[in-house]
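Chemist: Requesting a structural model of the entry that follows:
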Amino acid sequence: MKNLYTLKKYFIQYRSKIIAGLIFIFISNLASVYVPILIKDAINDLSSGINQKVLINYSLLIVGTTIFSGIFRYLIRQTIIVVSRLVEFDLRQDFWAHIQRLPLRFFQNNSTGNIMAHATNDISAVRMFVGPAIMYAIDTGTRFLIVVTIMMMISWKVTLISLIPLPFLSYLVYYIGKKIHVRFTKIQEKFSDLTTKAQENFSGIRVIKSYVAEEREINEFMGLSREYLQRNMNLVKLQALFQPILFLITGMSIILAIWFGGIEVINKSLKLGDITALVLYLGILIWPMIAFGWVVNIIQQAEASMKRLNKIFHEKYEIDDSDLTEHNVKSIKGDIEFRNVSFRFEENLPWVLKDVNLKIRSGETLAMMGRTGSGKTAFINLIPRFYDVTEGEVLIDGKNVKSIPLNVLRRSMGVVPQEAFLFSDSIMNNISYGSGPVSREAAEEKSRIAQFHKDVESFPKGYETIVGERGITLSGGQKQRAALTRALMTEPSILILDDSFSAVDTHTEEEILKGLKEYMKERTSILVSHRVSTVKDADKIIVIDKGRIAEEGTHEELLRLDGIYADIYSKQLLEEEIEQI
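Modeler: Okay, the predicted model is just below:
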């Protein structure tokens, strides 16, 4: 139950509704347990002889009491069950907000399907605890106490004898409940695997079709589904055994009550109405006993789900504002400095960057080149704090990036990754994603710089054209240009282009660079590319090799150095000559 204790703040938030629900439970139970007393008195009076008018009065009282109890039973659901839905909403919102603030490292170590399983099945299981489990636990608990008290007042001997089987029931609930907890946890784990497999198949459907792997994926999914089915069947078999045993034990209680109560009636120690009331009360206790077992199942399942959710909630933000943050910083100019920077993803992994020292003045254009895996992307990810440095510090305008409010830092940057991501929305909403509502003129202006406007005009609905999931209806080059337009719309102080023209032909690339030349004059710009044609006009070019700055200078200076850059330049010239031939 320690994991479910974390729901305390939600209970406090809705305590007035919960308290009202508890009051309604108590009133409803008092009314419902009064009905057997009326039946008892009616039967006893019948034995001594009563007229029709008195019998009608008893009937009206029974009907009225039942209706009265039903009204408050409705109010119970309108309070406690409604609270469970509100808590579910709040929990899902908190989970979503928490996920949004977690660092990239978290998403690298957790599959999308697993996270989706947390947001669906696990939160629903917790809701069942907050609503039905709590409602029925308190309902059955109060009803049990009231009923047993009244039964003891009627005949404590018959009551104690008829309740003998119930301790066995309690042990059964405890024993089977533990097994249900284990099996439900295994079901949730397999559901995560199933969700992950489905998500990967939907995202990678083009790869699957390209390699004619449909049959293999169907078989693999079927294997996971069978395992998921088997784990569910193991739980269902346990639950199927649980309820018949509950009925058997409660049925034994009724048999004992009739047997020993009947003897008391024969001996005239009890009246016929008394034994009838005892049997009716035992009948009322059957549902609390069954509900108690059901509640235990829900609690066990909710505990397993909340444990999985808490594991996510306990993930630290790592990258966030702190006591060191200078909240008076509202904007940045764009002076960047790497001072003795070293970086690696985990302690047991090799260094990605080592002893990097570099200064980039505001308004300057820096270009980066290097072999695949040399550390270029890691370098630019440190500037907007997608990751924090392992050693050293990154400074912007002379301030450590950790002291700049994260919101200000990232809003001042336009980052275009190599793998452009578009939402399943209109082109206009995609390119204005980071800047909010914008005018059509502004969108067209930035699209022209990115050489994307002509493409958009060719679409049936222009800027209102809906692109598919991840922009599937656009080509790779179009997606990159849409992502570039989105970055330009934010009017950033620092523009970072991480190999953003890799899917664009050289002619279009030249046109984009011409358009960007004027735009980048007053901005600090960082270009990462494998093409010399992209970087040759930059104010400064650095070559990253094995996590270190191997070469630094202008295009002409690096050619005279006759090192890695000159070698890349020579090879690309040769490739161009071969293409022309």
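
Chemist: shaky segments in the stretch 101-250 of the chain?
Modeler: Where the stretch 101-250 of the chain drops to pLDDT under 70, the residues are 170, 174.

Chemist: ok, F26 - contacts?
Modeler: With contact taken as C-beta atoms under 8 Å, 6 or more residues apart in numbering, F26 is in contact with T142. Placement of C-beta: from N, CA and C, glycine included.

Chemist: If you tally nearby residues, what's the number for the residue nearest to N114 when sequence neighbours are not counted?
Modeler: Spatial nearest neighbour of N114, excluding adjacent residues (C-beta to C-beta, 6 or more residues apart in numbering): S192 at 4.3 Å. For S192, the neighbour count with other C-beta atoms under 10 Å is 21.

Chemist: Now S192: phi and psi?
Modeler: phi -60, psi -40 (degrees, to the nearest 10).

Chemist: The one 4 residues further on now?
Modeler: For T196, the backbone dihedrals are phi -60, psi -40 (criterion: degrees, to the nearest 10).

Chemist: which residue sits closest to it, ignoring its sequence neighbours?
Modeler: That would be G113: by C-beta to C-beta, 6+ apart, it lies 2.7 Å from T196.

Chemist: List the contacts of the one you found.
Modeler: The neighbourhood of G113, defined by C-beta under 8 Å, 6+ apart, consists of S192, D193, L194, T195, T196, K197, A198, Q199, E200.

Chemist: could you redo the last one with a cut-off of 7 Å?
Modeler: Residues in contact with G113 (C-beta atoms under 7 Å, 6 or more residues apart in numbering) are S192, T195, T196, K197, A198, Q199.

Chemist: Now do the helix or strand harbouring L22, average pLDDT.
Modeler: If you go by DSSP states H and E, L22 is part of helix 15-48. When pLDDT is averaged over helix 15-48, the result is 87.

Chemist: just to revisit the earlier point, make JSON lines out of the contacts of G113 and add distance to A550.
Modeler: Putting the contacts of G113 into JSON lines (distance: C-beta to C-beta, whole Å) gives the following:
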{"residue": "S192", "distance to A550": "44"}
{"residue": "T195", "distance to A550": "44"}
{"residue": "T196", "distance to A550": "40"}
{"residue": "K197", "distance to A550": "43"}
{"residue": "A198", "distance to A550": "45"}
{"residue": "Q199", "distance to A550": "40"}
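
Chemist: What remains of the residues you listed if I keep only buried residues?
Modeler: S192, T195, T196, K197, Q199 (16 or more other C-beta atoms under 10 Å).

Chemist: I figured the third one hits N114, correct?
Modeler: Yes - contact between T196 and N114 holds when scored by C-beta atoms under 7 Å: they sit 5.8 Å apart.

Chemist: May I have the residues that are in contact with the residue lying closest to V147 once chain neighbours are set aside?
Modeler: Once flanking residues are discounted, V147 sits nearest to Y281: 4.9 Å by C-beta to C-beta, 6+ apart. Neighbouring residues of Y281 by C-beta under 7 Å, 6+ apart: P36, V147, I150, M151.

Chemist: any idea how far I99 is from the residue nearest the centre of the chain?
Modeler: Central residue of the chain (C-alpha atoms, centre = their mean): A119, 3.8 Å from the mean position. A119 sits 8 Å away from I99, going by C-beta to C-beta, to the nearest Å.

Chemist: What of I39?
Modeler: 56 Å.

Chemist: The host helix or strand of Y228 packs against which elements?
Modeler: Counting by DSSP H and E, the element that carries Y228 is helix 214-266. The helices and strands touching helix 214-266, judged by 3 or more C-beta pairs under 7 Å, 6 or more residues apart in numbering; DSSP states H and E, are helix 156-162, helix 166-203, helix 272-313.

Chemist: so of those, which one's packed in deepest?
Modeler: helix 272-313 (a mean of 21; mean count of other C-beta atoms under 10 Å).

Chemist: what's downstream of that helix, the next helix or strand?
Modeler: Using DSSP H and E, the next helix or strand after helix 272-313 towards the C-terminus is strand 336-343.

Chemist: Who are the packing partners of whatever helix or strand I150 lives in?
Modeler: Element membership for I150 (DSSP H and E) is helix 134-154. Contacts defined by 3+ C-beta pairs under 7 Å, 6+ apart place helix 134-154 against helix 15-48, helix 156-162, helix 272-313.

Chemist: same thing but 10 Å
Modeler: Helix 134-154 sits against helix 15-48, helix 52-76, helix 82-101, helix 156-162, helix 272-313, with contacts defined as 3 or more C-beta pairs under 10 Å, 6 or more residues apart in numbering; DSSP states H and E.

Chemist: can you list these in TSV and add distance to E346?
Modeler: Formatted as TSV, the helices and strands packed on helix 134-154 follow (distance: least, C-beta to C-beta, whole Å):
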stretch	distance to E346
helix 15-48	44
helix 52-76	51
helix 82-101	21
helix 156-162	63
helix 272-313	19
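
Chemist: Which one of these lies nearest to V356?
Modeler: Closest to V356 of those is helix 82-101 (C-beta to C-beta; 27.6 Å).

Chemist: If you count contacts, what does that closest one end up packed against?
Modeler: Here helix 82-101 touches helix 8-13, helix 15-48, helix 123-128, helix 134-154, helix 272-313, going by 3+ C-beta pairs under 10 Å, 6+ apart.

Chemist: Rebuild the ones you listed as a markdown table, extending it with distance to I542.
Modeler: As requested, the helices and strands packed on helix 82-101 are exported to a markdown table (distance: least, C-beta to C-beta, whole Å):
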| stretch | distance to I542 |
| --- | --- |
| helix 8-13 | 50 |
| helix 15-48 | 60 |
| helix 123-128 | 47 |
| helix 134-154 | 61 |
| helix 272-313 | 39 |
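
Chemist: And these: which comes nearest V389?
Modeler: helix 272-313 (25.9 Å).
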